[in-house]
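**Q** this one's sequence-less:
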Ligand SMILES: [Mg+2]
Ligand SMILES: [Mg+2]
Ligand SMILES: [Mg+2]
Ligand SMILES: [Mg+2]
Ligand SMILES: [Mg+2]
Ligand SMILES: [Mg+2]
Ligand SMILES: [Mg+2]
Ligand SMILES: [Mg+2]
Ligand SMILES: [Mg+2]
Ligand SMILES: [Mg+2]
Ligand SMILES: [Mg+2]
Ligand SMILES: [Mg+2]
Ligand SMILES: [Mg+2]
Ligand SMILES: [Mg+2]
Ligand SMILES: [Mg+2]
Ligand SMILES: [Mg+2]
Ligand SMILES: [Mg+2]
Ligand SMILES: [Mg+2]
Ligand SMILES: [Mg+2]
Ligand SMILES: [Mg+2]
Ligand SMILES: [Mg+2]
Ligand SMILES: [Mg+2]
Ligand SMILES: [Mg+2]
Ligand SMILES: [Mg+2]
Ligand SMILES: [Mg+2]
Ligand SMILES: [Mg+2]
Ligand SMILES: [Mg+2]
Ligand SMILES: [Mg+2]
Ligand SMILES: [Mg+2]
Ligand SMILES: [Mg+2]
Ligand SMILES: [Mg+2]
């Protein structure tokens, strides 16, 4: 079932099929609407007097936020997974909205698809492990949110792997794809940072403990999640800087390559062009005469010229080696 | 008609021709001045005690804003459409100002040209659909504003198309026009962002519900528009980053092209210049003698030299292939 | 005269020669000290109990600002005109300070040179047009300030012209002067922005209506000037972006030019060098023999070689055309 | 031992083995848990009613911060040493968390490894030097924190050495490693700045003296540490700018090198190619005739041509020297 | 003497040798400790109950700041002179700390070296010129601070000279030293800005007049110094922008130079290589025959070929002139 309700009392947890009964029952109620349809969400909303605009927020994927209503707090967060495809205009980070409605003695969680962090805590609650729901709906919401935040670190790990790979490429490759990979990483980080930033604000609001529905004891736990989100934002900036450094090195590798190519050309031309000139001289058709290339008639003329050219070549090679050209 | 008045009572909506009567009538009044002349606007202003500076704001296109007056709130927003021309000094985003004057039981909307979002809600009101005016002038204004904000997403869609096209070009083209297109997109985004930013502030002011004319129930709806504007600002930044990435790749494509050209030149020169030297050697006019190019007299001299040169060429080609030059 | 005094009563405006009399007279007093000497300014200051540091501010040209004193508000603004010279260390925007001292029923304006915006309003007042002084010293100051702000738009128009000219140059010219012009425009915009920013703050202070000397009715007018200054700041940023875009294109035009030059060189070298090698081959002095260039002896040897070389040339030209080199 | 307790009374300092006794004893208690295991930390936490989340913060290395609890202040700081390795994904700055729990008459310091700054103050306290603990737990914490901040300057000294070395390289080397070193320095500075920034905030909170546990007299000392942290942040920015300047010069050195290489090639080609053309002319096989290269038959033809070419060479060399090519 | 005390009463100023007497005397006391040793400073501090941490601040050169104590205000400022050396790791701006302790009826100024601005005011006070001390310790401190701020403008004048010189170089020189000079100027500006920024804050605090020791009349004078500091910060930004513009032009001059070099090479190669090919053709050893270069046997063959080559050369030169290559 996509919409399920459980109520915790000192006797343990009981599952309800009727939502209104679950709400009215003494004890702490959790209604979990995972992968729920629009109709199911609307029904849940009407039972708990939740505004239809909040339900639409869950469905439409606006920015993470915390909003206080008369008798409940609405927290909207998003799970994040790295999208492995290549389409430019899908956000690089796949996001799924999860809405939390935290009342005095009830909690509603709502999402269009099944969400791991919700399921894990739900299983613990129905199996009566960990005494989670006993500590209140705000603490239960914290446990789910903590799971969502933990998964953010996995996303950064994947991005880290990508940067590591690209950092190995940039010192050798002048391939345009390398630059595209770097741009991709930067986009992922930007996209992720845009998810983290409002999440941080939304949780910070709870950590300060303003809403009545957040007990003083639970504040510390939200403060802890807040610290993790701050750390995540810091990490995205560190990684962004690594990506920028990789980009600088890539661009420089290309400039170095052009420089090397030019040096090679210069070496070849500087050595060969003068030699070609010399052999051209001895190919001129001047009539014989005392001043006209007498070496053409010498016995050792040819070997002498060839050795002279060899000497010049060796000197030039030595010079270019000195200058770091070869 | 460009200035029309309608009043909602529990008996339905009635159209008035006299503005003062419309204002004095029991019920909720909406005066819509679309495509109104300066004179018409001044008349409306005097009936509803609206300051002439506000009317001038509507006419002159200053930044979106919300201003509280004694008995009404003045909200100035702008519709946006992408201008398809090329003139540098027209703003890339075509903007039309719409002024909203929200009183206790009256609403005045004012614009120099007819505006879609206004017309659509007006038709619903006069056809008594959707019970809009019944929920108050602040809710009616919300409905129009929501329509304006929705149209902003269409503008971004067009910009998205332009980026998509340019992203396909940048990896192959070194055409200066490609860079100009990218600059154009960046300018559109900058221009659009400058429209969105103050709009966000103006709506945020209403969402916080400070003005008396905004009912508590309506605040949530303005909060929803506010969320959309925040999302739009986010998107302009994402797109700006895509444009910057495209620009980086464009510039790099040009550097790569120069690098490739240099490599080609180097390969040709490195292979051909030494060969030319060799044939130059055999073109020298040294007198016959035991040490003077005896191969000139050999039977297989010429084929041997040609094969030697072929061998050198093949070795060099292999070397350049290894180095990634060809 | 450089220092003049006029007093408005219900009977009209009267000119005074004695400043103390003008101050003591019933009615609203305006003392205009335009192009006044230090001594004249000091005299005015002592009559109206204005601090000597404020007078020095007018003379020394510090940043625009608003300062509240016990019985008056001091507003310092600056007129702006574009300087057409070339000296690096003169600010690009020529600025003239105008001081406004707004008391309960008196206004003093002070400047070292005659200022258009002051003169225009002064003439209207003494000719008893527009009932300006009747609406109070704060409203009269507003009228002058509005004139100063309007003139700012003329400065931006001139900068716009410069950008337009430079935008036409950048796609074709690699002239260093073009870059210098762009830098000049950016400097003008920076200089102008530095003038606008504190002006905005100074007027914003009046628009919020904190000083007692600003009547509630006049606030709206200052709010209007404030909106114009906000718009001007926005425009300087748009223009700065245009200038940056022009700079990007200029730099790219140069890179493209280098790329083009390299391509030309490569085409020439790739075609001519191998041909030169071929003719070098046929210039070698191998003794006649069955394997030694038998084509030298053929009847059609020469035309065949020439046609062969022509074919190679045509093939290479086709190849380079394909690659976009020529 | 990793967990030790000492209590100061007017009779001197006494060492306790039981933590609860140490807390209950009259006098000022310091429990130092350096290099403590998770179990030991948990025990300390339970004796002093410290929240388990704070202990986890010490163990997990989140950002420096100050948090107020009911009866104590929790300060988390980090020591910094430069990591000399090369692995990309270890933070360049090695960090060790130190937690301070400052109660009314007790102090707990906690760290996973032994920390110099803690040990030094601890030795002074147990040897009853410097009367540190007598001035309260807040002053004792200040002494340790001051030691940690002093060590930050050593880290900057090391980074300074690296910059100095790299600044000597950049004007001569076009080695890719130089750029990688610069990127490394920038990363260290970024990493260090990210450590300093929240530390500054955490100490600033104590310097403002809000928590009850910080005596008015001690505030001044925290203000002093605060000033040092501000200075450190300033220095990281100065060094970052030096690193950026070095990077600019490196990139320019490479461009200059390419420019030099091109100039060399141009000089060689411009001198040698025309000469080769000239000798090619005299190698043409035109039949003898009055207009066909009569110089071929002159007695001084050959020396004249050679001298002519020498003259052209010298003129070109002079020209290129003038132009700064050689 | 390095520590001197003077007391102003209505009878004039008296010099004291005993500091405690000077403090206890009726009247306004100024103790000037210029170039004082650590011991002298400590003595002064103990007489006036100044905290030893403040004295250390004067000695250690932390950032400019204002700190309020129970019975005095502590202001720390710095004089600035441009250092003319070349060592990288000395701050480019030589700074000397001056501490001001402003009590109700006493002033202490403290610095490790003699400071011009202090000496000048001190001489006026002991010579009983200008009635400075009569107006209170806060006014006396203002006079010294005003002198320090005036000297800042001299520093900017020197930097301005450097920029002017470098701006003349950048359009012609591709010398690496030019870039290093620009980097140096940017560093000076950065260093200076870092001095000005906290000074502005420190003086702004006095200008707002919060401390009891600052009389209402004196506030205006501090406001005036504040305005000057704001202006100085503005100027550093303008100059930084000039430096950045110079850097852009320098980098472009280098690119232009490479472009020019390439053009030269291309012109030479494009003209000479084909000509060399032509003369190579006529150097081929084809046997005489009807189709084999009949022009070799023509009377005017040689002049015709030479004129043909000249024509090609002229056409190419015209083309390259058209294209802006020569
Ligand atoms: Mg960062
Ligand atoms: Mg960043
Ligand atoms: Mg950033
Ligand atoms: Mg970096
Ligand atoms: Mg970076
Ligand atoms: Mg960055
Ligand atoms: Mg960036
Ligand atoms: Mg962004
Ligand atoms: Mg941006
Ligand atoms: Mg951005
Ligand atoms: Mg980016
Ligand atoms: Mg970007
Ligand atoms: Mg950007
Ligand atoms: Mg902008
Ligand atoms: Mg900017
Ligand atoms: Mg900007
Ligand atoms: Mg831009
Ligand atoms: Mg910009
Ligand atoms: Mg830009
Ligand atoms: Mg900085
Ligand atoms: Mg930075
Ligand atoms: Mg920085
Ligand atoms: Mg810099
Ligand atoms: Mg920098
Ligand atoms: Mg910087
Ligand atoms: Mg600036
Ligand atoms: Mg700046
Ligand atoms: Mg900057
Ligand atoms: Mg600039
Ligand atoms: Mg700049
Ligand atoms: Mg800037």
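**A** Good, I have the coordinates. Note that the structure is predicted; figures quoted are calculated from it, not measured. Ligands and ions are numbered 1, 2, ... in the order given.

**Q** ranges for the helices of the stretch 151-300 of chain A?
**A** A:176-207, A:216-281 (DSSP state H, counting those that start in this stretch).

**Q** the shortest one and ligand 4 in contact?
**A** Okay, so that is helix A:176-207. No: Helix A:176-207 does not reach ligand 4 (Cβ under 5 Å from the ion); its nearest approach is 12.9 Å. Heads up, the C-betas are built off the backbone N, CA and C, glycines and all.

**Q** in chain A, where is pLDDT below threshold?
**A** In the predicted model of chain A, residues A:1, A:84-91, A:130 satisfy pLDDT under 70.

**Q** make it 80
**A** Within chain A, the segments meeting pLDDT under 80 span A:1, A:61, A:83-92, A:128-130, A:286-299, A:326.

**Q** now for the spatially closest residue to residue A:69 that is not a sequence neighbour: which residues touch it?
**A** Residue nearest to residue A:69 in three dimensions, not counting chain neighbours: residue A:51, with 6.8 Å by Cβ to Cβ, 6 or more residues apart in numbering or on different chains. Applying Cβ atoms under 8 Å, 6 or more residues apart in numbering or on different chains to residue A:51 gives the contacts A:45, A:69, B:220.

**Q** out of these, who's nearest ligand 24?
**A** Ranked by distance to ligand 24 (Cβ to the ion), the contacts of residue A:51 are led by residue B:220 at 45.7 Å.

**Q** can you get me a residue count around the nearest residue to the closest one once chain neighbours are set aside?
**A** Excluding the flanking residues, the one nearest residue B:220 by Cβ to Cβ, 6+ apart is residue A:53, at 5.4 Å. For residue A:53, the neighbour count with other Cβ atoms under 10 Å in any protein chain shown is 16.

**Q** excluding its backbone neighbours, what's nearest the residue of chain A found nearest ligand 30?
**A** Nearest to ligand 30, among the residues of chain A, is residue A:244, at 19.1 Å (Cβ to the ion). Excluding the flanking residues, the one nearest residue A:244 by Cβ to Cβ, 6+ apart is residue A:186, at 7.6 Å.

**Q** next: residue A:302.
**A** residue B:292 (4.1 Å).

**Q** please name the residues that touch that neighbour.
**A** So residue B:292 contacts A:301-302, B:286 (Cβ under 8 Å, 6+ apart).

**Q** let's go with 10 Å and repeat that
**A** By Cβ atoms under 10 Å, 6 or more residues apart in numbering or on different chains, residue B:292 lies in contact with A:296-303, A:305, B:284, B:286.

**Q** give me the buried subset of these.
**A** A:296, A:298, A:301-302, A:305, B:284, B:286 (16 or more other Cβ atoms under 10 Å in any protein chain shown).

**Q** distance check, whichever residue of chain A sits closest to chain C against ligand 4.
**A** Residue nearest to chain C within chain A (Cβ to the nearest Cβ): residue A:283, separated by 7.0 Å. Per Cβ to the ion, to the nearest Å, residue A:283 is found 60 Å from ligand 4.

**Q** got a list of what that residue touches?
**A** Contacts of residue A:283 (Cβ under 10 Å, 6+ apart): B:279-286, C:280, C:283-285, D:279-280, D:282-284, E:280, E:283.

**Q** what's the separation between the single nearest residue of chain A relative to ligand 22 and chain D?
**A** Closest to ligand 22 within chain A is residue A:241: 12.0 Å, counting by Cβ to the ion. According to Cβ to the nearest Cβ, to the nearest Å, residue A:241 stands 6 Å off from chain D.

**Q** can you tell me the closest non-neighbouring residue to that residue?
**A** Using Cβ to Cβ, 6+ apart, the closest residue to residue A:241 is residue D:190 (5.7 Å).

**Q** quick check: that neighbour touching residue D:244?
**A** No: contact criterion Cβ atoms under 10 Å: residue D:190 and residue D:244 do not qualify, at 11.9 Å.

**Q** and those two? Which one has more around it.
**A** Per other Cβ under 10 Å, whichever of residue D:190 and residue D:244 has more neighbours is residue D:190, with 19 against 14.

**Q** mind checking how far the residue nearest to residue A:244 is from residue C:270?
**A** 39 Å (Cβ to Cβ, to the nearest Å).

**Q** circling back to that earlier point, find the pair from the contacts of residue B:292 with maximum spatial separation.
**A** A:299 and B:284 (15.2 Å; Cβ to Cβ).

**Q** for ligand 27, give me its nearest residue in the stretch 101-250 of chain A.
**A** Closest point on the stretch 101-250 of chain A to ligand 27, by Cβ to the ion, is residue A:244, at 20.4 Å.

**Q** contacts only, for that residue.
**A** A:182, A:186, D:183, D:186.

**Q** okay, now the residue nearest to residue A:244: neighbour count?
**A** Neighbours of residue A:186 using other Cβ under 10 Å come to 22.

**Q** is it true that it touches residue B:241?
**A** Yes: assessed by Cβ under 10 Å, residue A:186 is found in contact with residue B:241 at 7.6 Å.

**Q** residues contacting the residue nearest to residue A:244?
**A** Contacts of residue A:186 (Cβ under 10 Å, 6+ apart): A:92, A:163, A:239-240, A:243-244, A:246-247, B:241, B:244-245, B:248.

**Q** so how do I select the buried members of those residues in PyMOL?
**A** What follows is the PyMOL syntax for the buried subset of the contacts of residue A:186, where burial is set by 16+ other Cβ under 10 Å:
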select buried, (chain A and resi 92+163+239+240+243+246+247) or (chain B and resi 241+245+248)
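
**Q** any idea which helix or strand comes after the helix or strand where residue A:100 lies?
**A** Secondary structure from DSSP states H and E places residue A:100 in strand A:93-102. With elements assigned by DSSP H and E, the helix or strand that comes after strand A:93-102 is strand A:106-111.

**Q** tilt between the next helix or strand after that next one and strand A:106-111?
**A** As assigned by DSSP H and E, the chain's next helix or strand after strand A:106-111 is helix A:116-126. On the basis of axes from the mean of the first three to the mean of the last three Cα atoms, to 10 degrees, helix A:116-126 is oriented at 140 degrees to strand A:106-111.
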